[in-house]
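K.L.:
how would this look folded up:
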Amino acid sequence: MQNKSAVLIFTVLLALATLYTLSFNYFSSQFEKEAQQQGVYEAEQMLAAGTISEDAFDATAAEEAKTYLRVKGDSAIVPIFGKSYKEAKERELNLGLDLRGGMSVTLEVSIPDLFIALADYSTEDSFRQSIAQAKAAR
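P.N.:
Next comes the predicted model:
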């Protein structure tokens, strides 16, 4: 228990480093949501003015959001550190599809093939017969 304060200090430093790293993800995603809202607003204005059709609404909204990100990308979005969107986007953690909710994987393993592989692909007749009997019993 003599190192209790050292463990506490290390835990606090680790938590601060984690929050610092994840803050870039948070602020960049908030800015991207703002850009999407702005893109939808601009597309609605164009639709009301009759300059675009309803079929082109989604594409126009996405293009306007990209324009917003490009134009406002150099403005500071991280309040404490004064980082711009482009800097925050470079520093954010890359989340894979599994963390974004876009991937689901199921691994199916053949039990007889697993035993054959674990037996180093044995060619013994008794082993092969027992595998064949197990497959037949299924």
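K.L.:
Kindly provide the distance from the closest residue to residue 54 other than its chain neighbours to residue 37.
P.N.:
Closest residue to residue 54 apart from its sequence neighbours, by C-beta to C-beta, 6 or more residues apart in numbering: residue 47 at 6.8 Å. (Glycine included, C-beta is placed from N, CA and C.) Plainly put, residue 47 is 15 Å away from residue 37 if you go by C-beta to C-beta, to the nearest Å.
K.L.:
Show me the shaky parts of this protein.
P.N.:
Residue ranges of the chain with pLDDT under 70: 1, 96-103.
K.L.:
Now do the same contact list for the residue nearest to residue 54.
P.N.:
Going by C-beta atoms under 8 Å, 6 or more residues apart in numbering, residue 47 touches 53, 54, 57.
K.L.:
Does it lie in a helix or a strand, and which?
P.N.:
Element membership of residue 47 [criterion: DSSP states H and E] is helix 4-49.
K.L.:
tell me which residues of the helix or strand following that helix are tucked away?
P.N.:
Using DSSP H and E, the helix or strand that directly follows helix 4-49 along the chain is helix 57-72. By neighbour count with 16 or more other C-beta atoms under 10 Å, helix 57-72 contains the buried residues 60, 61, 64, 65, 68, 69.
K.L.:
Sweet, I'm off.
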